[in-house]
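Engineer: A structural model of the following input is requested.
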Amino acid sequence: MATLIFILSAAALLQFFISYCRSLIAASIKQPLSAEVRDVTGIPSAAAGDDFARVIQLLDLCPERPEERGRIRAINLYFRLLNLVSSTLARFVPSLMAWTDMERGQCTYFAAVTLDRRIAFSRDMLAQQMDS
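Structural biologist: Numbers count the residues shown, from 1 in each chain. Here you go, the predicted model:
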């Protein structure tokens, strides 16, 4: 009985986590990327999942904003979960492979939007310091 409760609880938590990550991604998809971030990341209008690691490396170079720390960790974990699904279950279900590829690309776009925000935040901080 305890095992069944644990499995159901883990499944509910996973469902909540996926919904949370997809809501974060949906909010970022509406925001356009600046030309500067497009040039730096090499992302055209549609992002690919293969660019995620590179965008995360660029993100790590910028100063963190406290409110973004948990969000980027959640998307990073979601991206890893998608990679796991892509390398296991999606091999047998072609439509699942297309969905994971699309979701991985959206995770990359989320990271690029976050990078854009961090660059703008850094510029604002620099401008405030120069005014002082």
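Engineer: what is the mean pLDDT for the helix or strand hosting residue 117?
Structural biologist: Taking DSSP states H and E as the definition, one finds residue 117 inside helix 94-131. Taken as a whole, helix 94-131 has a mean pLDDT of 83.
Engineer: Which positions in that helix come out as buried?
Structural biologist: Under the neighbour-count criterion of 16 or more other Cβ atoms under 10 Å, helix 94-131 has 100-101, 103-119 buried. The C-beta positions use only the backbone N, C-alpha and C, and glycine is treated the same way.
Engineer: can you check stretch 47-56 too?
Structural biologist: Those would be 47, 49, 51, 52, 55, 56, for stretch 47-56 by 16+ other Cβ under 10 Å.
Engineer: Can you give me every residue that contacts the last one?
Structural biologist: For residue 56, the set of contacting residues under the criterion of Cβ atoms under 8 Å, 6 or more residues apart in numbering consists of 72, 76, 111.
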